[in-house]
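> okay, here's the prediction I keep looking at, along with the sequence it came from:
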Amino acid sequence: MSEGTGGAAQAPDSRRLIRSPRDFWGGLALVAVAVFAIWASSDLPGMRGFAFGPGTAPRMFAYCLMALGFGVMLTGFLTDGPPLEDFTFSGTFGGAVLVVALIPIYFFAAQIGKMVPGVSHDVVLAAAGTIVVVVLAFLLTHLAPRGPLFITAATIIFAIAVRPLGLVIASYVSLVISANATKEVHWIETLIWCAVLTTFCAVLFPYGLNLPLQLWPRF
């Protein structure tokens with residue numbers, strides 16, 4: 001009797017409305033990101049005949065993400081799953097440190113830029129910010145999850161480097177940094193694949209989507 005009672009206590013509760021909380025809330029987060037992306041790209045023009053406009057791809061991917069999010073949410077209603085774990089600030093902590101560390105960069109880059117003749121202030125800022133983010137990301141690997149930490153670092157590097165350093169350098173560096181999200185990276189294959197993806201971005205965004213992105217640094 002005691003064994004039967006213990007087994008019944010461990011069985012998932014199918015009477016709950018949300019039977020798999022992880023799937024439900026994860027899907028809801030995807031839907032929220034998709035809604036934000038649709039709103040953020042609402043002022044970009046769409047299709048122009050048979051040619052993609054700047055807003056076509058972002059909205060198309062956003063709607064696909066929204067559909068996937070609703071699918072994951074539906075899984076949370078129809079299937080049993082484990083409960084939510086306690087929330088941890090470790091991943092948020094690592095990303096916050098990387099963002100806050102960029103604040104003094106604006107001050108020091110202005111001073112360094114005066115000592116480097118013929119180089120734009122934006123280029124110095126992007127280079128200094130990239131170095132600081134990379135160094136901090138490696139130093140924080142023992143305090144924050146490796147995956148979210150390096151994905152956040154790669155996103156920040158692309159954001160601060162794409163205008164002054166150009167799409168080619170910003171894409172390649174951010175892709176290489178994001179590869180550090182796992183310890184099982186194979187560097188020869190990674191460097192080749194990053195070059196392939198960078199070439200794809202350099203063709204897609206300026207020419208396929210007609211986005212005004214420069215390819216090389218602006219000195």
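Noted; the coordinates are in hand. Numbers count the residues shown, from 1 in each chain.
> would you agree Ile38 is in contact with Met60?
No. Look at Ile38 against Met60 with Cβ atoms under 8 Å: they stay out of range, at 10.3 Å. (C-beta placed from N, C-alpha, C; glycine too.)
> where does Ile157 land on pLDDT?
Confidence per residue is given as pLDDT, and for Ile157 that number is 84.
> following whichever helix or strand it is part of, which helix or strand comes up?
Taking DSSP states H and E as the criterion, Ile157 maps to helix 146-178. Sequence-wise, the next helix or strand downstream of helix 146-178 (DSSP H and E) is helix 187-203.
> what's the neighbour count on Ala154?
By the measure other Cβ atoms under 10 Å, the count of residues near Ala154 is 22.
> now it: closest residue in space that isn't a chain neighbour?
Distances taken as Cβ to Cβ, 6 or more residues apart in numbering put Ser178 closest to Ala154, at 3.8 Å, once the chain neighbours are dropped.
> how is this structure divided into domains?
Described in terms of automatic domain parsing, the domain architecture of the chain consists of the residue ranges 16-78, 90-208.
> who wins for proximity to Pro217 among those domains?
Taking Cβ to Cβ, domain 90-208 is the member of these nearest to Pro217, at 4.9 Å.
> where in this protein is pLDDT low?
The model of the chain has pLDDT under 70 over residues 1-16, 46-54, 84-121, 144, 218-219.
> can you redo the domains of the chain as a markdown table with distance to Trp216?
Compiled in a markdown table, those are given as follows (distance: least, Cβ to Cβ, whole Å):
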| stretch | distance to Trp216 |
| --- | --- |
| domain 16-78 | 21 |
| domain 90-208 | 4 |
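> nearest to Leu215, out of those domains?
With Cβ to Cβ as the yardstick, what comes closest out of the domains of the chain is domain 90-208 (5.1 Å).
> correct me, but Ser41 touches Ala62?
Yes. Using Cβ under 8 Å, Ser41 is in contact with Ala62, at 7.1 Å.
> so who does the spatially closest residue to Leu74 that is not a sequence neighbour touch?
Nearest in space to Leu74, with sequence neighbours left out and distances taken as Cβ to Cβ, 6+ apart, is Gly27 at 7.6 Å. With contact taken as Cβ atoms under 8 Å, 6 or more residues apart in numbering, Gly27 is in contact with 68-76.
> which one of those residues sits closest to Leu209?
Leu68 (22.4 Å).
> what's near enough to touch the closest one?
Residues in contact with Leu68, defined by Cβ under 8 Å, 6+ apart, are 27, 30.
> how near is it to Pro21?
For Leu68, the distance to Pro21 (Cβ to Cβ, to the nearest Å) stands at 18 Å.
> what of Ala67?
Distance, Ala67 to Pro21, using Cβ to Cβ: 21 Å.
> and the strands in this structure, which stretches?
Shown for the chain, no strands are assigned by DSSP state E.
> leaving out sequence neighbours, find the closest residue to Leu17.
In space, Leu17 is closest to Phe77, 7.2 Å off (Cβ to Cβ, 6+ apart).
> swap in Val35?
Here the nearest residue to Val35 in space, its sequence neighbours aside, is Met66; by Cβ to Cβ, 6+ apart that works out to 7.1 Å.
> I'd assumed Leu30 was in contact with that neighbour.
Yes. Contact status for Met66 versus Leu30: in contact at 7.4 Å, counting by Cβ under 8 Å.
> please consider this matter closed, and thank you.
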